[in-house]
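K.L.:
When you get a sec, could you give me coordinates for this:
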Amino acid sequence: YNITMKTQQKAAPQGLHTLAGGIWLSFTRLDSHLAPLPVQAARLLVFDFCRAGRRAIPDGPEEYAIVTEAHAAVSFAAPDEPFYLPGGQYEGLQLFIDPDAVQADSFLTVMGLEIGGIADYFCRDGVHCCPLSEAITDILDEQWSDAEYATPGELRYTAVRLLYELLRLPDDAEAARCPARQVELVRETETLVLRDLSVRHTAKALADGFGLSESGFKLYCQNVLGEGYLAYFRRRRLEKAAELLRSGELVALPTETVYGIAADARNGAAVRDIFVAKGRPQDNPLIVHVTGPEMLPGLVSEVPERAQLLMAAFCPGPLTIIMPRGPEVADECCAGLDTVGIRMPSHPVARAVIQQSGCAFAAPSANLSGKPSPTNAQDVFTDMDGRLPLILDGGECDVGVESTVVSVVGEKPTLFRPGHITLEDLERALGEE
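P.N.:
Numbers count the residues shown, from 1 in each chain. Next up is the predicted model:
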C-alpha cells in the first residue's frame with residue numbers, strides 16, 4: 001500500500017451561500033460532498049477553483065474536460081446531470097451564476113463585471129480550463145483560513161477578486177481531456193465497486209466485463225481517476241473501513257503480526273460484537289491499537305517510565321505494553337481488569353485506518369476461536385466470510401506471530417507472552433533483568 005494522508009486546513013463553511021439573486025458560492029472539502037446545484041437553469045455558469053482532486057466536465061457529446069488540482073475551469077452545467085468527481089475526491093470553491101437571473105444592479109455589475117460577456121469569453125469554444133495563478137491561489141488560501149468567520153460581504157468580495165484574476169490570465173486554455181466512452185466506463189466501474197466494497201473486484205474481471213484488455217482498462221482508470229485502479233480500490237476500502245469503525249461496526253485488517261478484527265475501543269457494544277464474531281467468551285482482555293503516544297490520554301491513566309523506554313525502543317512494532325487503564329476504554333476491552341494492553345502497529349494499513357477513522361481500535365486475531373491466527377486475507381475469508389462487513393487485504397504479515405506482551409504495572413516488569421521481541425530485547429531496552 002502506498003498511502004498518503006492529506007492534511008486539512010481549517011474547514012471552510014459547507015453548502016451553498018447565496019451572494020445575490022442568481023449568484024451563489026460553495027466551498028467543498030475533500031471529506032465532504034459537493035453541494036447540489038442551486039437551480040436547474042438552461043445556462044448555469046459554473047466556475048471551478050480546484051484545490052485538490054478532480055471533476056469531469058462534459059464538453060460536447062464525445063469528450064470530457066478533467067479539471068484537476070491547482071486548476072480553474074469555466075463551464076455551463078448540464079441540466080439534470082449530477083457532477084462527476086472521479087475517485088470521489090474534490091476540494092475547492094465553486095461560483096455559480098445564472099446569467100438570466102442576475103439583476104442589473106447586482107454587485108458584479110456594479111464592479112464592472114458583465115456576466116454575458118464573461119460567459120461568451122470563457123465558454124465560446126466549450127469548457128475553459130487553465131492553471132491557477134499565484135494570485136488566485138493566495139485568494140483561495142486566504143478564504144480557507146478565514147472561512148468560518150467570513151461575512152456575506154466578504155464572500156461577495158472574494159467572488160469579485162476571483163473573477164478579475166481569472167480574466168487577467170492568458171487566453172491559453174488547457175485541460176486533460178478524455179473521450180466520453182472512457183469517462184462513462186470508469187464512472188460505471190466506480191458505481192459497481194462502491195455498491196458493495198466487501199466484494200473484491202479485480203481489474204481483469206472488470207476489464208473482461210467491459211470487453212477490454214486489462215491494460216486498456218487500467219489506462220482508462222489512470223486517465224480519468226488520476227491514479228491506478230488498484231490504488232483507487234484500496235483507498236476506497238480504507239475509507240469504508242474508517243467509516244465502519246466510526247459507526248460501531250467491525251473490520252478485519254492486517255497488522256505486521258497477524259490479521260485482527262477491529263472495533264472502536266471506546267464503543268462497548270462494538271467490542272462485544274468481536275466476541276460474537278469469533279465465537280469466544282468475554283473473559284480475555286483485548287489489545288487496544290493506536291498510532292502513537294499522542295493517542296494515549298484517556299486510554300491509560302498513566303504512562304510509566306518503563307513504558308516510555310519500551311515505546312522509544314520498539315514502537316511502532318510488535319509489542320503490547322500493559323499500563324494502568326484510563327476512563328475512556330470500554331469495559332469489554334479489559335475483562336474486569338484495571339489495566340489495558342496498548343500496541344502501536346507498524347503496518348501501513350492498520351495505521352491508515354486509525355488515522356482516517358480517528359478511532360483507537362481493540363483487536364484480537366481474526367479467526368474463529370480455537371483456529372490458527374491468520375497471516376493473510378485468504379485465511380480470514382476462510383474463517384470469517386459472512387461474519388464481518390469488510391475484510392481488508394494487506395498481503396502477508398511480515399512477523400506472522402502475535403505481539404510480545406509485557407506489563408509495566410507494579411514493581412517489576414512482567415513478560416506475559418513471548419513474541420518477535422524477545423525477553424533479552426526487553427531487558428536491554430530497560431537496562432534491567
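K.L.:
what's near enough to touch residue 45?
P.N.:
With contact set as C-beta atoms under 8 Å, 6 or more residues apart in numbering, residue 45 has these partners: 74, 75, 76, 77, 96, 97, 98, 99, 115, 118, 119, 123. C-betas here are computed from N, CA, C, even on glycine.
K.L.:
Distance check, the last one against residue 45.
P.N.:
Read it as residue 123. Counting by C-beta to C-beta, to the nearest Å, the gap from residue 123 to residue 45 is 8 Å.
K.L.:
Same question for residue 370.
P.N.:
Counting by C-beta to C-beta, the gap from residue 370 to residue 45 is 65 Å.
K.L.:
and if you look at residue 299?
P.N.:
Look at residue 299 and residue 45: by C-beta to C-beta, they are 51 Å apart.
K.L.:
what do you get for residue 411?
P.N.:
Distance, residue 411 to residue 45, by C-beta to C-beta: 74 Å.
K.L.:
then stretch 121-132 to PDB, C-alphas only?
P.N.:
This file holds the C-alpha atoms of stretch 121-132, laid out as PDB (Å, rounded to 0.1, in the frame of the first residue of the first chain):
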ATOM      1  CA  TYR A 121     -15.300  35.000 -23.400                       C
ATOM      2  CA  PHE A 122     -14.600  31.800 -21.500                       C
ATOM      3  CA  CYS A 123     -17.100  29.300 -23.000                       C
ATOM      4  CA  ARG A 124     -17.200  30.300 -26.700                       C
ATOM      5  CA  ASP A 125     -15.300  27.100 -27.600                       C
ATOM      6  CA  GLY A 126     -16.600  24.800 -24.800                       C
ATOM      7  CA  VAL A 127     -15.100  24.200 -21.400                       C
ATOM      8  CA  HIS A 128     -12.300  26.600 -20.500                       C
ATOM      9  CA  CYS A 129      -9.500  25.300 -18.200                       C
ATOM     10  CA  CYS A 130      -6.400  26.900 -17.000                       C
ATOM     11  CA  PRO A 131      -3.800  26.700 -14.200                       C
ATOM     12  CA  LEU A 132      -4.500  28.700 -11.100                       C
END
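K.L.:
which residues are contacting it?
P.N.:
By C-beta under 8 Å, 6+ apart, the residues outside stretch 121-132 that reach it are 45, 49-50, 57, 59-60, 65, 67, 70-76, 140, 166-167, 169-170, 172-175.
K.L.:
State the helix or strand in which the residue nearest the centre of the chain lies.
P.N.:
Centroid-nearest residue in the chain: residue 239, 4.8 Å away (criterion: C-alpha atoms, centre = their mean). Under the criterion of DSSP states H and E, residue 239 resides in helix 229-246.
K.L.:
What subset of the contacts of stretch 121-132 is buried?
P.N.:
Buried subset of these (neighbour count, 16 or more other C-beta atoms under 10 Å): 45, 49-50, 57, 59, 65, 67, 71-76, 140, 166, 169, 173, 175.
K.L.:
Test my guess that the residue nearest to the centre of the chain contacts residue 356.
P.N.:
Yes: taking contacts as C-beta atoms under 8 Å, residue 239 lies within contact range of residue 356: 6.6 Å.
K.L.:
re the thing from before, mind putting the contacts of residue 45 in TSV, secondary structure and distance to residue 336 included?
P.N.:
Below are these laid out as TSV (DSSP: H, G, I helix; E, B strand; the rest coil; distance: C-beta to C-beta, whole Å):
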residue	secondary structure	distance to residue 336
74	strand	64
75	strand	62
76	strand	65
77	coil	60
96	strand	58
97	strand	64
98	coil	64
99	coil	69
115	helix	69
118	helix	69
119	helix	70
123	helix	68
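K.L.:
can you list those in CSV and add pLDDT and distance to residue 210?
P.N.:
As requested, those are exported to CSV (pLDDT from 0 to 100; distance: C-beta to C-beta, whole Å):
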residue, pLDDT, distance to residue 210
74, 94, 32
75, 92, 27
76, 91, 30
77, 87, 28
96, 94, 34
97, 94, 38
98, 92, 38
99, 90, 39
115, 87, 42
118, 88, 40
119, 88, 37
123, 87, 32
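K.L.:
was I right about residue 266 contacting residue 358?
P.N.:
No: in this structure residue 266 lies outside contact range of residue 358 using C-beta under 8 Å: 10.5 Å.
K.L.:
mind checking the end-to-end distance for stretch 379-388?
P.N.:
Using C-alpha to C-alpha, to the nearest Å, the end-to-end distance of stretch 379-388 comes out at 14 Å.
K.L.:
pLDDT on it, on average?
P.N.:
In this model, stretch 379-388 has a mean pLDDT of 92.
K.L.:
So which of the contacts of stretch 121-132 are in strands?
P.N.:
Judged by DSSP state E, strands contain the following of those: 45, 49, 50, 57, 65, 67, 71, 72, 73, 74, 75, 76.
K.L.:
Not counting residues beside it along the chain, what's closest to the third one?
P.N.:
This means residue 50. Among residues not flanking residue 50 along the chain, residue 92 sits closest, at 4.3 Å (C-beta to C-beta, 6 or more residues apart in numbering).
K.L.:
Need the pLDDT of that neighbour.
P.N.:
Per-residue confidence at residue 92 stands at 91 (pLDDT).
K.L.:
what comes up buried for whichever strand or helix holds it?
P.N.:
According to DSSP H and E, residue 92 maps onto strand 90-97. Buried residues in strand 90-97, counted by 16+ other C-beta under 10 Å: 90, 91, 92, 93, 94, 95, 96, 97.
K.L.:
in the sheet, who's paired with the first one?
P.N.:
Going by DSSP bridges, residue 90 is paired in beta bridges with residue 53.
K.L.:
Please verify my assumption that it contacts residue 49.
P.N.:
No: in this structure, residue 90 is not within contact of residue 49 by C-beta under 8 Å, at 11.0 Å.
K.L.:
Hmm, the residue nearest to residue 50 is touching residue 46, no?
P.N.:
No: between residue 92 and residue 46 there is no contact under C-beta under 8 Å: 11.3 Å.
K.L.:
all helices of the stretch 51-200 of the chain, in order?
P.N.:
In the stretch 51-200 of the chain, the helices defined using DSSP state H, counting those that start in this stretch lie at 107-110, 115-123, 134-146, 152-168, 180-195.
K.L.:
Could you export these to JSON lines, including columns for distance to residue 253?
P.N.:
Shown next, in JSON lines, are the helices of the stretch 51-200 of the chain (distance: least, C-beta to C-beta, whole Å):
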{"stretch": "helix 107-110", "distance to residue 253": "51"}
{"stretch": "helix 115-123", "distance to residue 253": "47"}
{"stretch": "helix 134-146", "distance to residue 253": "33"}
{"stretch": "helix 152-168", "distance to residue 253": "42"}
{"stretch": "helix 180-195", "distance to residue 253": "19"}
